[in-house]
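> The sequence and its predicted three-dimensional model are supplied below.
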Amino acid sequence: MNNTLGRYIILFTLLFLTLDANNKLATFDLISNKYTPYIKEAVEIKLTTQQVDRELNMFYFLKPKESSEYHIVLLNKKAEEPEYHYKKAEYIYLLFPLKSGEIKVEFDFTIKVASDEAVAQVFQGSRDNVKWIETIDTKVNLTPITLHVKELKKEVDLVGDFTITSELKNSSIHSYESANIVYTLNGVGYHNFSTTPINSIENVELFSDITKHYDKATSQGYDIHRDFNYALVSANSFIVPSQKIECYSPKKDTYYTLSTQEYKVDVKQMGISTLVDEVDHPKNSNDYRYLLDYLIYISIFIAGFISAKLIPSNFTYYNDEFKDIKDSKNAKELLYLLLHKYYKQEFKDQYEILNDIVYNKKNKSEYKKVKQEVLKRLKK
């Protein structure tokens, strides 16, 4: 009972002192390194605070208010107590304005104070009795940072200082293979953008993904390293056109253009018979067998021709529907058929699995399952 009464007396005393001398708790300074930035230009905002009232234990809590007008992230937070009851702190934020005109950047800043007795009581009692320090909280009204954001003179894709390089893995491919290109973007600037090095190319199937090696926040902006990975498949030769990426460098106050390299991809036609895996389906060493097979095929053809004349045209053999898919012997054959005969159908997931089986030697056990999925979708 006495301990509880003592705590209330301490808190009441602290509250009186806080209300009486609100501005004497600590000094604080909120500044920006720029006040007239361009849209998406990196801005550094810093708050420094030092304890004035040397009779108390002091804790600082700072949080920026969220807004659609800017993107803000904490870069660094440093707190130290070089002397007893003398707390210093520094908060550094990276901000990008997202609209032109006047923007107010507001912060919630709270100073929590506690007596030595209140701090000591936290360490008393059993482990199950641990609780947070009883404090008196003071909301500090920080004057917002006001930015006058300038509009860019023209529309751009990237804001910052960037370079782009690329590598085509194979410029000559067969019709069942993919041409693989990796574009690497490096630089420092605003990280959230939608531009890509390749848009759609007529009669070319495009598969892509992005590897974000890192987007590291720094005082100059986000340090960015990204790979744009593309696999392109086509029945015929094609050109990957050069693309222009418009940029603005706030550091140099310069507009500039990044141009991707143009690539010509030669696609060699290949019959489906050459796609059979000779390891799983080796050629027969008996040459006479080829002649026998040839005669059998001729007989089948003649029989089929005669049957076509005798059987009504409206009669359908449902068992032979999608026979080429059913007869495909491996992932390479099935991939070829989907890309060249059934390309109007949507088989993106199946393409990716088959591509993994054929070129990355992965998921070989998935081949039969994919084949069944294809047939099921085609029969709908």
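Received it, and whenever you're ready, just let me know what you need.
> any idea of the mean pLDDT in stretch 53-68?
The average of the pLDDT scores along stretch 53-68 is 90.
> Need the residues that contact that stretch.
Residues from elsewhere that reach stretch 53-68, judged by CB atoms under 8 Å, 6 or more residues apart in numbering: 14, 17, 21, 24-26, 47, 49, 51, 72, 79, 84-87, 89, 91, 93, 98, 103, 105-116, 118-119, 133, 135. In this view, the C-beta of every residue, glycine as well, is placed from N, C-alpha and C.
> what's the answer for stretch 140-155, then?
Against stretch 140-155 from outside (CB under 8 Å, 6+ apart): 28, 30-32, 34-39, 43, 45, 47, 97, 99-107, 109-111, 159, 246, 248, 255.
> Convert that stretch to PDB, retaining C-alpha atoms only.
Below are the C-alpha coordinates for stretch 140-155, written out as PDB (Å, rounded to 0.1, in the frame of the first residue of the first chain):
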ATOM      1  CA  VAL A 140       5.700  17.900 -28.100                       C
ATOM      2  CA  ASN A 141       4.300  20.000 -30.900                       C
ATOM      3  CA  LEU A 142       7.000  20.100 -33.500                       C
ATOM      4  CA  THR A 143       6.600  22.700 -36.200                       C
ATOM      5  CA  PRO A 144       6.100  20.700 -39.500                       C
ATOM      6  CA  ILE A 145       8.800  20.800 -42.200                       C
ATOM      7  CA  THR A 146       7.300  22.700 -45.100                       C
ATOM      8  CA  LEU A 147       8.500  21.700 -48.600                       C
ATOM      9  CA  HIS A 148       7.800  23.600 -51.800                       C
ATOM     10  CA  VAL A 149       8.100  20.800 -54.300                       C
ATOM     11  CA  LYS A 150       8.900  21.700 -57.900                       C
ATOM     12  CA  GLU A 151       7.300  19.900 -60.900                       C
ATOM     13  CA  LEU A 152       9.700  18.300 -63.400                       C
ATOM     14  CA  LYS A 153       9.900  20.000 -66.800                       C
ATOM     15  CA  LYS A 154       9.000  16.800 -68.600                       C
ATOM     16  CA  GLU A 155       7.800  13.300 -67.800                       C
END
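> Return the distance of it from the chain's centre.
Offset of stretch 140-155 from its chain centre (CA atoms, centre = their mean, to the nearest Å): 28 Å.
> buried sites along it?
140, 142, 145, 147, 149 (16 or more other CB atoms under 10 Å).
> what do you get for stretch 371-378?
For stretch 371-378, burial by neighbour count (16+ other CB under 10 Å) applies to 371, 374.
> what's in contact with it?
So stretch 371-378 is contacted by 322, 325, 326, 328, 334, 338, 342, 345, 347, 350 (CB under 8 Å, 6+ apart).
> Buried by neighbour count, from those residues: which ones?
Counted by 16+ other CB under 10 Å, the contacts of stretch 371-378 give 325, 328, 334, 338, 342, 347, 350 as buried.
> hey, C-alpha coordinates of the host helix or strand of the first one in CSV?
Residue 325 is part of helix 323-327, with elements assigned from DSSP states H and E. These are the backbone C-alpha positions of helix 323-327, laid out as CSV (Å, rounded to 0.1, in the frame of the first residue of the first chain):
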residue,chain,number,x,y,z
LYS,A,323,-3.3,-37.2,-80.8
ASP,A,324,-0.1,-35.2,-81.2
ILE,A,325,-0.2,-34.2,-77.5
LYS,A,326,-0.9,-37.7,-76.4
ASP,A,327,1.9,-39.1,-78.6
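> helices or strands next to that helix in the packing?
When contacts are defined as 3 or more CB pairs under 8 Å, 6 or more residues apart in numbering; DSSP states H and E, helix 323-327 packs onto helix 331-340, helix 367-378.
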